[in-house]
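1. Just a sequence and a predicted model for now, questions to come.
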Amino acid sequence: MGTKFNEIVEITKEFTQDLKTSSLSDEIDSLNLKYLGRQGKVNSLFKSLPIKSDPKIGQQINHLKKFIQTKLSEKLEAALSVAGHQVIDVTVPGIPILKGSLHPLTQTIEEIESIFKGLGFVRRRYPEVETDWYYAEGLNIPKDHPARDDQETFYVGENVVLTAHTSNGQLREMEYKKNPPIKMINIGKTYRRQFDASHTPMFHQFEGLVIDKNINITHLLGVTDYFVKQYFGPDRRTRLRPHHFQFTEPSFEIDISCGLCQGTGLIGKTSCKICKSGWLELGGAGMVHPLVLRNGGFNPDECSGFAFGWGVERVLMMKSGLPDLRLIFSDDIRFLNQF
């Protein structure tokens, strides 16, 4: 019995000494494990007791256990209290907080909206799930046109589609305004059955529509040139190239001068790897077809207008030099941080 009492006394002395040299919460946690843990000194005393032993020894060990618990609790409370009121050196550099940013597509949409707002255009949003009338029929697109084929368009019901262009906004804007003038920019999502380096099943377009008396092609060219110089830079030039669209007449493809070769088609004596001819295709445009004006409730003998539809991702790629459209929709922070 005397041996056990001696062990209790020695453990008490050792603990008291350890407690004096411990001031941090981590050090106190270590003491708790050393003395009260499953393999700690107090439990070892209990395990080493013979089956028939003096009950006073067990009482002394329990007393030691409660003593250690109380002292550790007091020490920990004191340590936490000091830590809560410790002096902070405000001159020490802190850990910078990571800040998010707008997605490059959101930045591009806001920049496009801002440019056209400067010309007096009003931002609109029209349905992405649309009836066949607004999507095609009312825009002079016949039933046998490839754009209405279910291999090209996402049909979600009978005569209901996911819009493959934002041109449905032309008819809806005319119905909404009822009378000219109209100066609208419709920016929204569009959907097509394509997927490669330059196409994705979902992408964004911005559709411009201007209708008033005596609107002509020079107004279209002026708006186009203004946008290109504001978005791509003051040295970029535009040109109209004849094309065909069902809902405009006449119709054009809008080209802009290549920013890499400055519109020469050459870098040194080598053909430009981006454009190969000095020009890059921006998108389609033209004068609003008289039938579309009538379908929107306007008289083509009294007013005229122009429209254009260009891809948001396309202008972003042309400005930034991205090689693959799919990168824009990736979740790679290393890529997104560049914007």
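-> Looks like it arrived, so ask away.
2. packing partners for the host helix or strand of residue 116?
-> Secondary-structure assignment from DSSP states H and E places residue 116 in helix 104-117. Where contact means 3 or more CB pairs under 8 Å, 6 or more residues apart in numbering; DSSP states H and E, helix 104-117 is packed against strand 122-124, strand 182-191, strand 202-212, helix 217-231, helix 312-320. For every residue, glycine as well, the C-beta is placed using N, CA and C.
3. do that again at 6 Å, thanks
-> If contacts are counted by 3 or more CB pairs under 6 Å, 6 or more residues apart in numbering; DSSP states H and E, helix 104-117 sits against helix 312-320.
4. Can you point out the buried residues in the helix it packs on?
-> Neighbour counts over helix 312-320 (16 or more other CB atoms under 10 Å) mark 312-318 as buried.
5. Which member of the residues you listed is positioned nearest residue 71?
-> residue 316 (66.3 Å; CB to CB).
6. Distance of that closest one relative to residue 77?
-> Distance, residue 316 to residue 77, by CB to CB, to the nearest Å: 58 Å.
7. hey, where'd the helices end up in the stretch 201-339 of the chain?
-> Here the stretch 201-339 of the chain has its helices, by DSSP state H, counting those that start in this stretch, at 217-231, 290-295, 312-320, 333-336.
8. now stretch 50-66, how far from the centre of its chain.
-> Chain-centre distance of stretch 50-66: 66 Å, with CA atoms, centre = their mean, to the nearest Å.
9. any idea of the mean pLDDT in it?
-> The average pLDDT within stretch 50-66 is 79.
10. Equivalent analysis for stretch 241-250, please.
-> 89.
11. related to what we said a few turns ago, check the buried residues of helix 312-320 and tell me the two furthest apart.
-> With CB to CB as the measure, no two of these lie farther apart than 312 and 318, at 11.1 Å.
12. picking up where we left off before, dump the helices of the stretch 201-339 of the chain to JSON lines, plus mean pLDDT.
-> Shown next, in JSON lines, are the helices of the stretch 201-339 of the chain (pLDDT from 0 to 100):
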{"stretch": "helix 217-231", "mean pLDDT": "94"}
{"stretch": "helix 290-295", "mean pLDDT": "94"}
{"stretch": "helix 312-320", "mean pLDDT": "86"}
{"stretch": "helix 333-336", "mean pLDDT": "80"}
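13. Next, the angle helix 312-320 makes with the helix holding residue 116.
-> Helix 104-117 and helix 312-320 meet at an angle of 90 degrees, taking axes from the mean of the first three to the mean of the last three CA atoms, to 10 degrees as the criterion.
14. Mind listing what's buried along helix 104-117?
-> Residues 104-105, 108-109, 111-112, 115-116 are the ones in helix 104-117 that count as buried (16+ other CB under 10 Å).
15. What are the contacting residues of stretch 167-180?
-> For stretch 167-180, contacts defined as CB atoms under 6 Å, 6 or more residues apart in numbering pick out 124, 126, 130, 134-135, 138-139, 182, 184, 186, 207, 209, 211-212, 296-298, 303, 307, 309.
16. Could you pick out the buried ones from those?
-> Buried among those by 16+ other CB under 10 Å: 124, 126, 130, 134-135, 138-139, 182, 184, 186, 207, 209, 211, 296, 298, 303, 307, 309.
17. tell me the domain ranges of this structure?
-> Structurally, the chain divides into domains by automatic domain parsing as follows: 2-84, 104-336.
18. tell me how far the first one is from the chain's mean position?
-> Computed by CA atoms, centre = their mean, the chain-centroid distance of domain 2-84 equals 56 Å.
19. shift numbering so it begins at 428
-> Okay, using 428 as the starting number, the last item reads as domain 429-511.
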